[in-house]
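1. take this sequence and fold it.
(one chain, ligands or ions: 1)
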Amino acid sequence: MYQRSKQVETLSLYIDGQWRPASSESYFDSTDPYTGEVWTRVPSASADDVDAAVQAAHRAFVSGPWVEMTPTQRGRLLHKLGDIVAENAEKLGELEVRDNGKLLAEMLGQMRYLPEWFYYYGGLADKIEGALTPAERPGVMHYIRYEPVGVVAAISPWNSPLVLTVWKLAPALAAGNTVVVKPSEYSSASMLYLAKLFEEAGFPAGVLNVITGVGKDTGEALINHPLVERIAFTGGEAGGRAVYQAAAKSFKRVSLELGGKSPNIVFEDADLDDAVKGAVAGIFAAAGQTCMAGSRLLVHESIHDVFVEKLIAFVRDAKLGDPMDSNTNIGPIATPPQFKKVLEYIEIAKGEGAKCVLGGERATGPGLERGLFVKPTIFTRVNNKMRIAQEEVFGPILSIITFKTDDEAVAIANDTAYGLAAGVWTQNLERAVNLPARLRAGTVWVNAYRVVSYLAPFGGFKNSGIGRENGKEAIREYLEAKSVFLNTKRGVPSPFVMRLPAVE
Ligand code: NAD
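-> Residues are numbered from 1 along each chain as shown. Down below sits the predicted model:
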């Protein structure tokens with residue numbers, strides 16, 4: 001069993017290949033959500049630190065070893081990093097659990113999978129190919145080059161800190177950009193440890209910089225910095241809006257991965273035991289703290305009672321406790337504000353007339369004294385117009401809504417401001433094929449839930465975001481297309497003689 005060290009570690013910023021204290025000497029505490037104890041002191045990067053990091057990234061982008069590397073060499077470096085990350089997966093997983101309280105089993109799984117992103121995008125680095133277009137007029141050759149955008153600001157949340165940062169880092173670096181990362185103020189440790197692994201792999205100074213601090217100060221200074229040309233953001237709506245507004249002021253390129261209120265639809269012909277596991281994976285496995293949580297369970301009315309019974313039987317005995325313990329099924333809520341929000345939504349749902357059939361309160365008892373625990377909670381008789389069905393809670397709260405027909409299921413599923421993900425549980429081939437096309441969501445799972453891959457584009461429709469991470473599409477998000485016209489003939493014609501077509 002993992003032994004928590006009692007020592008409080010003071011972290012440093014990573015700027016231009018150097019480890020530095022915050023220039024203002026200002027620090028804040030990060031608390032372990034299970035023990036309630038402070039375990040790291042995190043530097044609060046000032047506007048000067050942000051400037052130093054962005055300037056370093058800009059220098060590394062315009063000249064020096066990173067620019068001189070061939071795409072194949074960049075790819076090899078990413079591969080090497082992948083190998084080093086694989087060797088350090090356990091350490092990275094433990095750091096994440098201390099910060100966000102998610103189960104060690106889950107975070108270890110994520111960290112063991114993480115190298116694949118470096119291998120995949122490392123492999124793509126030298127397959128970014130331009131194009132020679134057919135000659136459109138005599139003596140003029142035209143070709144397209146794909147070039148990196150510039151300095152990328154990568155901003156990530158606490159719930160899967162490294163995975164969601166590496167989804168940005170790997171394609172951005174494969175494309176030849178340089179990056180300044182700002183992790184969540186609740187989960188800075190693993191990203192700073194990853195920076196050490198970048199050093200070990202031999203990345204040139206300035207290619208990766210890590211600054212820590214709160215969104216309002218450090219984050220805003222970063223997104224507003226004039227030398228940042230591309231912002232990759234994962235987080236909530238308010239932060240996403242601030243990023244989009246800042247980006248609009250100077251036309252920065254932007255991708256936003258935001259929240260969700262994803263429907264998980266169980267048809268009457270589904271394998272109910274599988275569907276129960278899919279419902280639990282969707283909402284309780286990570287205590288609901290996942291953007292793709294299947295927080296609205298749409299159940300066909302003919303199987304409602306039996307399904308709810310099976311679901312309760314499956315969840316009732318789930319063990320809440322220390323996320324480091326392999327016997328724990330559900331860990332604590334990561335942060336005090338999030339804990340308060342989850343409990344408030346339970347009251348909102350009750351006030352709206354939803355029926356609480358499981359949980360519905362803070363969990364207490366031996367081993368849970370200091371942690372932020374909420375009982376897995378199920379509401380039936382939810383109407384899709386209720387706030388509990390429309391607003392993202394980010395906690396272990398499931399809303400069950402019934403439907404009669406496929407059309408009604410689709411209408412309810414799509415009746416939300418979000419569009420991140422959806423699940424469909426059916427043994428009917430027609431439904432399995434047709435439903436994914438009708439659901440307004442960036443990812444649809446059929447007889448599965450919460451599966452992601454470096455190969456599969458991930459992102460949201462509607463308020464769930466803009467742009468895609470993962471897969472080949474993600475690398476395009478970090479490239480600019482450039483057209484080059486090359487006149488191959490001597491004797492440029494007179495500019496005063498009008499020729500067709502007129503070229504603007
Ligand atoms: P958050 O928006 O509070 O913070 C995310 C990051 O943005 C943090 O690093 C924070 O410091 C920074 N930030 C906040 N305000 C900012 C501002 N004004 N300017 C610049 N930076 C700012 O989100 P959170 O609470 O850390 O994470 C939970 C949210 O993230 C949920 O809404 C969840 O759905 C979403 N999320 C989305 C995905 C996805 O891929 N779509 C994945 C995970 C989480």
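2. restricting to C-alpha, output the helix or strand containing residue 124 in PDB.
-> If you go by DSSP states H and E, residue 124 is part of helix 115-124. Output of helix 115-124 as PDB, limited to C-alpha atoms (Å, rounded to 0.1, in the frame of the first residue of the first chain):
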ATOM      1  CA  PRO A 115       3.300   7.100 -23.800                       C
ATOM      2  CA  GLU A 116       1.100   6.000 -26.800                       C
ATOM      3  CA  TRP A 117       0.400   9.700 -27.400                       C
ATOM      4  CA  PHE A 118       4.100  10.400 -27.700                       C
ATOM      5  CA  TYR A 119       4.700   7.400 -29.900                       C
ATOM      6  CA  TYR A 120       1.700   8.200 -32.200                       C
ATOM      7  CA  TYR A 121       2.500  11.900 -32.700                       C
ATOM      8  CA  GLY A 122       6.200  11.100 -32.800                       C
ATOM      9  CA  GLY A 123       5.400   8.900 -35.700                       C
ATOM     10  CA  LEU A 124       3.300  11.600 -37.400                       C
END
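3. for that helix, which residues meet the burial criterion?
-> 115-122, 124 (16 or more other Cβ atoms under 10 Å). Bear in mind the C-beta positions are built from the backbone N, C-alpha and C, glycine included.
4. that helix - contacts with which helices or strands?
-> helix 71-87, helix 161-174, helix 471-476 (3 or more Cβ pairs under 8 Å, 6 or more residues apart in numbering; DSSP states H and E).
5. what's the angle from the second one to helix 115-124?
-> Read it as helix 161-174. 10 degrees (axes from the mean of the first three to the mean of the last three Cα atoms, to 10 degrees).
6. still on that earlier bit, adding distance to residue 257, mean pLDDT and mean neighbour count, write the helices and strands packed on helix 115-124 out as TSV.
-> Output for the helices and strands packed on helix 115-124, formatted as TSV (distance: least, Cβ to Cβ, whole Å; pLDDT from 0 to 100; neighbours: other Cβ atoms under 10 Å):
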stretch	distance to residue 257	mean pLDDT	mean neighbour count
helix 71-87	21	98	19
helix 161-174	7	98	27
helix 471-476	11	96	19
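7. mind putting those helices in TSV, distance to residue 332 included?
-> Compiled in TSV, the helices and strands packed on helix 115-124 are given as follows (distance: least, Cβ to Cβ, whole Å):
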stretch	distance to residue 332
helix 71-87	27
helix 161-174	16
helix 471-476	32
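8. which one of those lies closest to residue 29?
-> helix 161-174 (17.0 Å; Cβ to Cβ).
9. which element follows the strand or helix carrying residue 408 toward the C-terminus?
-> Counting by DSSP H and E, the element that carries residue 408 is helix 406-414. Downstream of helix 406-414, the next assigned helix or strand under DSSP H and E is strand 421-425.
10. show me what that following strand is packed against.
-> Under the contact definition 3+ Cβ pairs under 8 Å, 6+ apart, strand 421-425 sits against strand 263-266, helix 272-283, helix 429-438, strand 443-446.
11. show me what the longest one is packed up against.
-> Read it as helix 272-283. strand 263-266, strand 296-300, helix 304-316, strand 397-403, strand 421-425.
12. quick one: it to strand 296-300, angle?
-> Using the same axes, to 10 degrees: helix 272-283 against strand 296-300 is 160 degrees.
13. list the buried ones in helix 272-283?
-> Across helix 272-283, burial judged by 16+ other Cβ under 10 Å covers 272, 275-283.
14. return the residues of the stretch 51-200 of the chain in contact with the ligand.
-> 155-159, 164, 182, 184-185 (Cβ under 6 Å from any ligand atom).
15. make a PyMOL selection of the buried ones in those residues.
-> Entered in PyMOL, the line below selects the buried ones among those, by 16+ other Cβ under 10 Å:
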select buried, resi 155+156+157+158+159+164+182+184+185
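16. geometric centre of the chain: which residue is closest?
-> residue 164 (3.8 Å; Cα atoms, centre = their mean).
17. and that one, what does it touch?
-> By Cβ atoms under 8 Å, 6 or more residues apart in numbering, the contact set of residue 164 is 156-157, 234, 257.
18. among the residues you listed, which one sits closest to residue 17?
-> Among the contacts of residue 164, and counting by Cβ to Cβ, the member closest to residue 17 is residue 156, at 21.5 Å.
19. hang on, the closest one packs against residue 183?
-> Yes - under the criterion of Cβ atoms under 8 Å, residue 156 makes contact with residue 183 at 5.5 Å.
20. number of residues surrounding residue 340?
-> 12 (other Cβ atoms under 10 Å).
21. from the opening residue of stretch 129-143 to its closing one, how far?
-> 11 Å (Cα to Cα, to the nearest Å).
22. my bad, stretch 213-231
-> Distance across stretch 213-231, first residue to last, is 17 Å (Cα to Cα).
23. okay, now residue 348: neighbour count?
-> 16.
24. do residue 483 as well
-> Neighbours of residue 483 using other Cβ under 10 Å come to 9.
25. same deal with residue 187?
-> Neighbours of residue 187 (other Cβ under 10 Å): 29.
26. what of residue 219?
-> Residue 219: 25 neighbours (other Cβ under 10 Å).
27. can you name the residues that contact it?
-> 155, 182, 213, 239, 242.
28. farthest pair in the residues you listed?
-> Longest span within the contacts of residue 219, Cβ to Cβ: 213 and 242, 14.6 Å.
29. comparing those two, which shows the higher neighbour count?
-> residue 213 (27 against 18).
30. how about residue 342, nearest residue that isn't a chain neighbour?
-> Closest residue in space to residue 342, ignoring its immediate chain neighbours: residue 395 at 3.3 Å, by Cβ to Cβ, 6 or more residues apart in numbering.
31. partners of residue 15 in the sheet?
-> residue 18 (DSSP bridges).
32. my guess is it meets residue 53, correct?
-> Yes - here residue 15 reaches residue 53: they are 4.7 Å apart, a contact under Cβ under 8 Å.
33. for the two, list the residues in contact with both.
-> Both residue 15 and residue 53 are contacted by 209-211, under the criterion Cβ under 8 Å, 6+ apart.
34. among those residues, name the ones in strands.
-> Using DSSP state E, 209-210 are the members of the shared contacts of residue 15 and residue 53 that sit in strands.
35. in CSV: the shared contacts of residue 15 and residue 53, plus pLDDT.
-> Formatted as CSV, the shared contacts of residue 15 and residue 53 follow (pLDDT from 0 to 100):
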residue, pLDDT
209, 99
210, 98
211, 98
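36. now flag whichever of the shared contacts of residue 15 and residue 53 is closest to the ligand.
-> If you rank those by distance to the ligand using Cβ to the nearest ligand atom, residue 211 comes first, at 10.6 Å.
37. can you get me a residue count around that closest one?
-> If you count neighbours by other Cβ under 10 Å, residue 211 ends up with 29.
38. enumerate every residue touching it.
-> 13, 15, 45, 49-50, 53, 180-182, 218, 222.
39. same deal with residue 300?
-> 266-268, 402-404, 409.
40. which of those residues count as buried?
-> Neighbour-count burial (16+ other Cβ under 10 Å) is assigned, among the contacts of residue 300, to 266-267, 402-403, 409.
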